[in-house]
Structure formats: structure tokens, C-alpha cells
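Engineer: no FASTA, just this:
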């Protein structure tokens, strides 16, 4: 018991260290990059004096190490500064788009992991047959095809040609929802959500599918499964009741890590489907040198990733007691 | 062991890959130096070889036409014996270099967009070519011509239209001679609307601006059950702020939420709007009579104090972008509860268009405390974003979902209330999606389209419910040479380059016919102001080489272009 | 069958005492297994074909990929596939098939360069961390944690947006992060190997650390490195395509990602120009899958272990 607590605490400390290191890297990344950090303010009437004012306003005239401390002080208070481009607090801007990213991410992960897990079970069941080979090749297809390519083709077919689904945005034009709940209950929202989350899910399902399959195959060799077989239980019963349950636990852990990956990397999907999310915001901020916003978005994504890795580590250690002692 | 097989295989593969790296140059663009008709040169003078010229351009994804034009221009310059390289840079970084490092770049792509204020020739002529703007204004090419300066200043105060026309014609002639810009084209503005949703006659076409304009927005009459005006934008909305000129979409919104004393009418001339009457008492005094019954969106009435405040606020130092348009005002006097008299420091021919039709009327009761508060802070009014912006215009702010859409509601109490219920701008970065959406009805006005106009026409022709209207832009595309850096400081060199750029080919290839060649900052859309007889170089490569030869330029034995004798390359590379 | 085979193979591996004899053994095993393993054979064939096409691209591709094709003085925009242009032409009149062929070069270069870094850096980090343990291990593993915490695609985009759109900046960005999976996996493998008796024996006989690492341990974990290397080829090609698609790619290099970007920007799908949009995507798929096959990456993929992802 004592060892387990020690392990968890050391993991949390590691996480804090990692977050600090990432925040520092980001600080230097954005400040030391080539290009004028005021490049977001091109306008015809700015004089030298006005530029000076802006420089002061954003604290860019102080020595680097001072900027660093101000930056960290702000960070710890949750103050991420004001966006150069929108001139509004970074937190407010991120908060506006964050729900959309979360919806997209969660729905894709759920679809991917449900289909993936089932697919893994089926492929394990059909091991050695042609179905298995075909299934594996198809799964590899899904992991090799570029997401944006699949997205554009899906959009072209289901939206432009067949007109079954809307082509852009998270909700129909002009709709005003009274609350988030109302939005989540409206079928229109899901119509907009379906294509992008399916496209993302197709890419994500490879991992849980193959992971589940390999775990199943391990489990199926275990003694208690043989016992069940000898007792005369039907094959599918064995699959579901015994094998799948035990094989699924690591997949759940993988999902925790998947959340970390999914929250930041969907720039292409958001561009293709014009989905108003964090990925697009980040890229737009980067191209317009709006580095408070870019920094803020980056830190948020990194924080989620690191946190989710921690969750995954802890879950894994719960499953496999040998690991917590060794590492 | 299977994995070891992998290692050996990988080693072979890596070996071959290194051969590849050597061959990698095969896919890269090679610049070719063709030989010179004044060929068979045996001059070998490396000091006179003109350096590699770097052309700045935006990336293909955001500005496909600029990118392709840059390629074509580069190719033309290479045929003259120059070494040319493209430097692709996103807009923000490109404009940063051009604006803040005015002696660091050679040549850049640029464009002037169509805005209602630019229907008066003063804006372009003064801002782009007057030497006062060379150091930190729009004259970033660094053009200094005293003769032109005085003509520009004269036309500003010439109130007689025909006299002024003569001056503007003269100005264009000088510019065409001196070639401070490499003009490309005036694109046609192609907008598409759904004619099953809107009555055709209610869509207003303005010369130089096309159908995407204020008048269409308030005039458009819905035919059927769809009562919303839904259009697209590919850029995010930056701000909804009457004291900030932020982006093109933002300006459409500002025009709708806030009123102005005058507006540029459908014919391109300013007409009274929030002002019922505009009377000039003398060259420098104008009497404004306000329209009665105007109300702010929060219910309070619009008063002359609001108007006076709106014109004085930019002088406060908190509204830098609008300051140049009110600087000329000496005094604003409130005569009674609906009349004001503006007194100017000096006559300004463009005052109505550039000031009365440009300054947004803002509520004093909201903005005065804000501006006073800002005086103690380093920020200015541009950073202030009202939660619910309040204006007195024909549309009211309803809802703004960042990165997704903005919704404006019709202000039915306005004196020119719109016929539609709502005006909705959807943010769609995916141009294919936008094209699909106008076809399947998700939007009913295609306001932003950076793609192929020919394809657009095909799609429109194939759809019975779509109508496309094309008009020549008052804006234009050009490439700007940096006149501070040799060889661009030599008129002959500039004329040669201008000659080598085949503008007809640009129209055909880059714009697929949806443009007209440009030779002036004044567009053919402005019939009254455009000088139809300009001597802009257009003879092609042969003509270009002749110009260079006559000016003393030579080619070396490798076909590279050399400075005239006595001049050497001073600027690196 | 497979797991027993694996076990015996692993046991055999740990018996290897040095790089040299391992190589000999493998070369012999090579021929034997090559025929049996269908996946690997297919992957290898695909790559060999790609390499040949890439090396002989100037000969095979009928036109210059940058050249705007003209016929009777007219530029051939958006031509559908025909005899002269097997896959038609782009919006600017360039031959698509030639672009496709030339596109193999950057794909392979980016893929292999990135894979190289992944293998070298990841293996070194894993080796040193696993062998020395202690503070070296902590330091290197914290660095790995940091690399894991930085979101991959956004980081590549930030770096490329700041450093400029060049193929090598993309490779650099990938090299800075992609080694993280390899490092973790190699490290846990090293932890196992170092306990083996032959390592003990080497230590006792006075071999230096470097010698033990590179002569005794390395041969036994290199297969895993190359496995991740082959996976990295796939990830690298996909990332370059995504970055190019968004417009941050190298505009002077015609890669498949650039072709897709060009098609997207020119509204290829709205024109129905599937012949422009589909082939580059298929090529990317093929290249990535071949990478998966060739490393028997199928093994890692088919039997993934949780900690490795």
C-alpha cells in the first residue's frame, strides 16, 4: 500500500515537472522565433510611438528573463494574456471553441473504440481464417490513408453529391440555442457532427481493434478459458464473458491516452469540415503570429495530453501490479 | 531471424535512398537562363551581374492568383537574363517585412481591395504615391516625385469636377511613365446569389464593387419562405468595433450595425444617409441636418451630441485608424437639436466620401466613459469589444459564435429597414465546401470565393436557381518593386520589367478571362476618372530587351543581365 | 504457432554475442523466411518499385511536373485523363501523372530521413537510459515525457510556420518528437536484456560500458529499432502530407501532399476531377502500408503492447 502511494505521488510530481518543462519550451519557442511578434498589427496609421506603446502593453520591451517570470506568474494564476488578433482574453476565446473540440473528440473516440473493440473480438474469434487476413488488411488501410483525404472524399460524396449531410459548421445557420443542453439534444447538431467524427473515428479505430485482438489472443490461451471450453460452454459465450472482459481493460487505458492525442491533432479535420474547434484556432493563431493565443492553446492541449498520460499510467499500474514497483 | 532480415533489407534501402537524395534535385524547379537576342556576348564582368532578385508572394493556398502570377513574372524576368527566386510567406509575415523593413525586400505581390471609400480617386492617388507616405504609410515602394506630389495636393482642393478630372488624368499619365508599380489586373468580382430566394431586381450592382455591397444587404427581398440572408466568409471575424478597421468581413458587419452621415450610393457618389441634408455653406463649412427619429439599438435617441462625439473621438488618440479622416476638421458646432456645422482647416474635395461617409456614428453614452477610461491605459479603443455592440444602423447585433458565424437581426424601426429578417455570415475556410453550400442552399449568397471563376460560372450555369454577376473591380492586383533598391531605382529597368510582364496572359491563364489588364490605380469601372490613354509599357520580351539595351544594360557571355558600365551590384547575393 | 515461434526466436537472439555473428545468422535466415512471409515480401516489392520509379523518374515521367502543358499554343487546363496525359492535367495545365511519379522522391526522402532519426535518437536514448539507469535514466525519461506531452501535429505546424516552408524543416520537426515511442520501448527491452547472463559475463570479464552496450546489448534490440523505423516512415509521410495540405509545405517540391493541396485549392472535387484527387492519396496509402508490412511492423501492430502507445 505504502509503495503504491509513493508510486502515485512520484507520478504526479513527474507530471508537474513535465508541464513546467513544456511551458518553458513554449515560452522560448514563441519568443525566440524569427519574425516580428507585432506582425499581427499591420495597419497604415501606426506610428513609431504607437508601436512603442504596444510593445510596452504586451511586455515585449522587458529583458527576456523578466518576461519569463511574468509569464509564469500569469500562467499559475490562469491568466493567459490577451490575444493579439482578437484583443480579447485568450481564455475567453479558447473557452468559446473548446466545447466543440470536446464533442468531436469524444464522439470519434467512442465510435472508434466501440467498433474497434468489437472488431478486435471478431478478428480474434476468426483467427487463422481468410476473414482475419482481410480484416487486418482493411484495418491497415484505415491507418494508412491520410485523414484529410478521406474527409474530402467523404464530404464530396455524402454532402455535395448526395446532400445527405451539411457541409460545414457545428450547427445550422442562424440557430441560437438557449443552452448547451439544448444544443446537445438537437438532431441538427448530430447531423453536423456525424461526418467529421466518422472520418476521425475511421482513423482511430485501428489501434483499439488490433490491441483488443492481440489481448484476446493472449487471453484465449489462458488456462481458465480452456477450463470453460472443457465445461462445454459455447464459443461465443466464452468470447464475451471471459475473454473480452479481461482483454478490454488495457483498451480502456489506451482510450485515456487517445483522449490526449485527439484533443490537439485534429487540425485537418476541422479545416475540411469547417468545424469551429481548437485545432483550427491554433493554426490560425500561429499563422497570424498571435502568439498569446497560440501559446495558450498549445499549453492547454499539452496539459490535457500530459494529464491523460498520467491517468493512463495510473490505470495501467492498477491493472499490472508488477509495473508500479519496477518503474 | 525475421527481424534480422529486416535490418539487411533496410540497409540496402537506406543506400538506395541516399542515391535518391542525390537525384532529389530532379523534382525541384530549375531556373533557366535563355540566351539573349543581343547574343554572342563575350563580356565577363562578375561585379556588374545583377543579384538574385527575391519576389515575395503569399502561399498558393491563400492567394493562388498571386502565387501563380509571381511564378509567371519570375519566368519573364528570367528570360531577360535575371536570376529570380520566389519567397513564399503568409500574409502577416509578408506585410510585416514590406511595412516594417522597407529597405529589405526587392519585390512583392500586393493588392488593393474594393472599398466604397475608394470610389473617389483621392484615396489611392494620395496614399499610394504621395511622398509623405513613403516612410511609414501606404507608399511603401518609396516613390518620390515632386511634380506628382503637387498635382495630388492640387486635386484634393479642386472642387470643380472637370478641373479635377484633368488633374487625375495627368497624375495617371505620370505614373504610367514612371512605373512605380507593376500593374497586373483588375479582377472581375464574381458573386453568386440564389435567385429562388431573392428577387432579382432587389440585388444591387455597384460599379467597382459588384453585388456584394451595403445596398444589396438592405434591399434584398426574399421571395419565398427563406427570410434570412446567409453568406459565407473564409476569414474569422476579428472584431465588431466601429472604431477599428479590422478585416473585410468585419467591415461588412460594421457598415450594417452603425450608420454614417452619408453613404456611398449605388451610383458611386456620396448621398445623405443619417444626415437628411448636407449643405456646403462655403469651401470649408458644411451644414448637416440630422434625420429625425433615429434611435440606438438600446432604445435611446440619436442626438447631435452623438454625432459630434463620433467625429471628435478619433482625435482623442485612442482611435488611430480613423484619425486621418477627421484631422481636417477644425471645429464642430451644434446649432440646434438636429443641426451641426463642420468647419474644416482647408478645402478637401473628397471630404464627403472620405470622412462623412466613413466615420461611424457611435453612441456617446456608451463610448465616452470607455474612451476616457482608456486614456489611462496603454490599450486603445481597438481592443475594446462590446458584448452587445450598439449602433443605430439597419441591422442589430444578435449573436456571435466565434469561428463559426455571426447573426444580425433586421432593425425594423430603421428608416431604411431591411427586407430580410436576419443577416448571417458563416465562417467557411474550406472553399470547396462553400461552393457546395451555395449549390445545395446552405448559403444563399456566395460572398467570398478565392477559387476558379470559370468553374464557378460552370456551376452557376448548371443550376437553375443560381445567378452570377460579374463586375470589374475598382481594386487591383500588382507587384511592387522597391524603388529604394537598385536596379529598381532606374526607370528604364522598371519599364523593361513592366513590358516583359504579359498582362493579357495573366488574364487568360491566372484569371481564366475573369479580369481586365490594369495600367493604373484607377480602374476602368470608374469611367469618369480613368484615363483611357496611358503609355504603359506592354511590348513583351523583345521590347523589354530593347529598353534595357537602350539604357545601357548588357548581357554577359552566360546570358546574365549586367548593370550599365560604371555600375556594380552593391546589395549582396 | 506464432507465439512459440516468437519465443524461440527471442531465445536465440539473446544467445548472440556480437554483431558480426548475428549478421551472418540473419543473412542465412533471411532467405529462408523471406519466401514464407507474405506481408514482408509485398511490402518489400512495393518499396523496390517505388525506389526504382523514383530513381528513374526523369526517364519514366513523360513530362516535366512544373511545366504548363500547351497544345497549339493553348494551355491545357483541367484535362481529363487521355492518351497524352494518363491522369489528365491540373488547374494550371501541369501533367498529373508526372507529378505523381516525381512525388515519390520527396515521400521516400522524408520518410527515410525521419525514420533514420527516429531509429538513431530513439535507440540511443533507450539504450543509455535502460543500461545506466540512475540519474541518466531519470533525465532521459523526463525528456521523453516532455516529448510525449507536446502534441505532434500542432508542433510541426508551429515549427514550419516559423522556420519557413522547407521539406527539411518538416523533417526536423518530426525528428524532434517522433523518437519518443521508440525510446520507451527500447528502454524496456534493454531492461530485460541487461539481466541476461552473457551481459553479466561481459561485465565480469572487464568489458567497458560502451562495449557492452554496442556489442552485446544493441544487436538484440536493433530489430525493435528497425521496426519502429519502418513505422516512422509511414508516420512521416502522413505528417508531411497533412502539413502540405494545410499550406505549410514546401512549395518548390512536388510531393503527394502538395498535389492534394493543389487539388484542394483548385477545387478539384467540385470539378469532379477525381483523377487528380484520388491517385496521390492512394500512393500515400500504399507507401505507408508498405512501411507497415516491411518491418513486420505487422507484428508490432498486430500485437501491440499497451505501454508502447
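Structural biologist: Cool, the structure landed. Only a predicted model underlies this, so the values are computations on that prediction, with no experimental measurement involved.
Engineer: buried sites along stretch C:113-128?
Structural biologist: C:113-119, C:121-128 (16 or more other Cβ atoms under 10 Å in any protein chain shown). Glycine gets a C-beta too; all of them are placed from N, C-alpha and C.
Engineer: got the residues of the stretch 51-200 of chain C near chain B?
Structural biologist: By the criterion of Cβ under 8 Å from any Cβ of the partner chain, the positions of the stretch 51-200 of chain C lying close to chain B are C:51, C:54-55, C:57-58, C:65-66, C:68, C:75, C:77, C:91-92, C:102-103, C:105-106, C:108-109, C:112, C:116, C:161, C:165.
Engineer: same thing but at 6 Å, please
Structural biologist: C:51, C:54, C:57, C:58, C:66, C:75, C:102, C:105, C:108, C:109, C:112 (Cβ under 6 Å from any Cβ of the partner chain).
Engineer: of those, grab the buried ones for ChimeraX.
Structural biologist: Buried residues within these, by 16+ other Cβ under 10 Å, are selected in ChimeraX with:
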select /C:51,54,57,66,102,105,108,109,112
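Engineer: how about the residues of the stretch 51-200 of chain C next to chain B in CSV, adding pLDDT?
Structural biologist: Formatted as CSV, these follow (pLDDT from 0 to 100):
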residue, pLDDT
C:51, 90
C:54, 89
C:57, 86
C:58, 87
C:66, 81
C:75, 73
C:102, 91
C:105, 91
C:108, 90
C:109, 91
C:112, 90
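Engineer: secondary structure of residue B:341: a helix, I assume?
Structural biologist: No. Using DSSP: H, G, I helix; E, B strand; the rest coil, the secondary structure at residue B:341 is strand, not a helix.
Engineer: show me what contacts it?
Structural biologist: B:287, B:333, B:335 (Cβ atoms under 6 Å, 6 or more residues apart in numbering or on different chains).
Engineer: can you give me the neighbour number for the residue lying closest to it once chain neighbours are set aside?
Structural biologist: Spatially, and ignoring its direct neighbours in sequence, residue B:341 is nearest to residue B:333 (4.7 Å; Cβ to Cβ, 6 or more residues apart in numbering or on different chains). Counted with other Cβ atoms under 10 Å in any protein chain shown, the neighbours of residue B:333 add up to 13.
Engineer: can you tell me the SS state at residue B:135?
Structural biologist: Put simply, residue B:135 is coil when judged by three-state DSSP.
Engineer: ok, how many other residues are close to it?
Structural biologist: 11.
Engineer: with residue B:505 instead?
Structural biologist: Residue B:505 is flanked by 14 other residues according to other Cβ under 10 Å.
Engineer: look up the closest residue to it, ignoring the ones flanking it.
Structural biologist: Closest to residue B:505 by Cβ to Cβ, 6+ apart is residue B:72, at 7.0 Å.
Engineer: any buried residues in whatever helix or strand the one you found lives in, and which?
Structural biologist: Element membership of residue B:72, judged by DSSP states H and E, is helix B:64-79. For helix B:64-79, a neighbour-count test (16+ other Cβ under 10 Å) marks B:64-74, B:76-79 as buried.
Engineer: can you check stretch B:188-201 too?
Structural biologist: With burial defined by 16+ other Cβ under 10 Å, the residues of stretch B:188-201 counted as buried are B:188, B:189, B:190, B:191, B:192, B:193, B:194, B:195, B:197, B:198.
Engineer: repeat for stretch B:452-460
Structural biologist: Buried residues in stretch B:452-460, defined by neighbour count with 16+ other Cβ under 10 Å: B:452, B:453, B:454, B:455, B:456, B:457, B:459, B:460.
Engineer: could you list the low-pLDDT ranges of the stretch 401-550 of chain B?
Structural biologist: By pLDDT under 70, the stretch 401-550 of chain B contains no weakly predicted segment.
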